[in-house]
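K.L.:
Just a sequence and a predicted model for now, questions to come.
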Amino acid sequence: MTGVRYPGPDIALQRFELLYELAPEIKQVLIPYQRGYPIVASQLELLYPAAEGLGITLIELPANDATEVATSLQQFTTPDGEATIDAILLIPEPLGVTDKPFLELARFADEYKVPIAGALMTVDGYGSLFDIGINHYKTGEQAAPLADEVLKGTPAGTVMVVSSETFLKFNLDLAQKLGLEVSEGILERAEEIIR
């Protein structure tokens, strides 16, 4: 077997690390995800030790749809109108990148001034802070030489599997609205910056 591997767990960890770099004071991070989605467990297995090492508590929010997200978010506010979470981290899975659930999460993040990051989305004027993901076109470019080798007779099992390259898109406008300090290093790593 050969091919280009989707690096979901690696991406989740990179997203978490960048969120922490931008907001090192975070202590409670909400992770919403599609209930029962098969690739979530491997991502959480990497995230929990990283968070624990930094003294951060991860709070899972499994949900099936926007209504469930909206209802569940109510438990993360105090009677005096404060959020009990410090950030929302979107991991590679479908719930956080589906318009209606994302909109519920982004409205909450906007109302309580907590960063929401991981997948770069904009819905009805609400957005997220950054995206670390893959470029499907570049993944195709990575796959082409592998396919070429197999088509020329090399047994597929002898051709090394490679991982998709990741990219960073960054919403500088939102970072400034949240009062986050953004280093030049972060901006230099970004392939795309929203100003």
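P.N.:
Yes, it's here. Numbering: from 1, shown residues only.
K.L.:
Just want the phi and psi numbers for the most far-flung residue of the chain relative to its centre.
P.N.:
In the chain, residue 153 marks the outermost C-alpha relative to the chain mean, sitting 38.6 Å out by CA atoms, centre = their mean. According to degrees, to the nearest 10, the main-chain angles of residue 153 amount to phi 110, psi -10.
K.L.:
Also residue 71?
P.N.:
According to degrees, to the nearest 10, residue 71 has phi -60, psi -40.
K.L.:
Any idea what the most centrally placed residue in the chain is bridged to?
P.N.:
Residue closest to the average C-alpha location in the chain (CA atoms, centre = their mean): residue 118, at 2.5 Å. Beta-bridge partners for residue 118, by DSSP bridges, are residue 131.
K.L.:
my guess is it meets residue 91, correct?
P.N.:
Yes. Here residue 118 reaches residue 91: they are 6.2 Å apart, a contact under CB atoms under 8 Å. No exception for glycine: its C-beta is placed from N, CA and C like everyone else's.
K.L.:
Quick check: which element contains residue 141?
P.N.:
Counting by DSSP states H and E, the element that carries residue 141 is helix 136-151.
K.L.:
same thing with residue 61?
P.N.:
Following DSSP H and E, one finds residue 61 within strand 57-63.
K.L.:
how near is residue 190 to residue 133?
P.N.:
Residue 190 is 12 Å from residue 133, where distance means CB to CB, to the nearest Å.
K.L.:
Quickly list what's touching both of those two.
P.N.:
By CB atoms under 8 Å, 6 or more residues apart in numbering, residue 190 and residue 133 have these common neighbours: residue 169.
K.L.:
Check which element follows the helix holding residue 141 along the chain.
P.N.:
Proceeding N to C from helix 136-151, the next assigned helix or strand is strand 162-163, under DSSP H and E.
K.L.:
Each with direction, which strands does that next one pair with?
P.N.:
Sheet pairing here is set by DSSP bridges, and for strand 162-163 it gives strand 4-5 (parallel).
K.L.:
what number of residues lie near residue 84?
P.N.:
Look at residue 84: counted by other CB atoms under 10 Å, it has 13 neighbours.
K.L.:
For the nearest residue to it once chain neighbours are set aside, list the residues it contacts.
P.N.:
In this structure, residue 84 finds its nearest non-sequential neighbour in residue 76, 5.0 Å apart by CB to CB, 6 or more residues apart in numbering. Residue 76 sits next to 30, 59, 83, 84, 85, 108 when contact means CB under 8 Å, 6+ apart.
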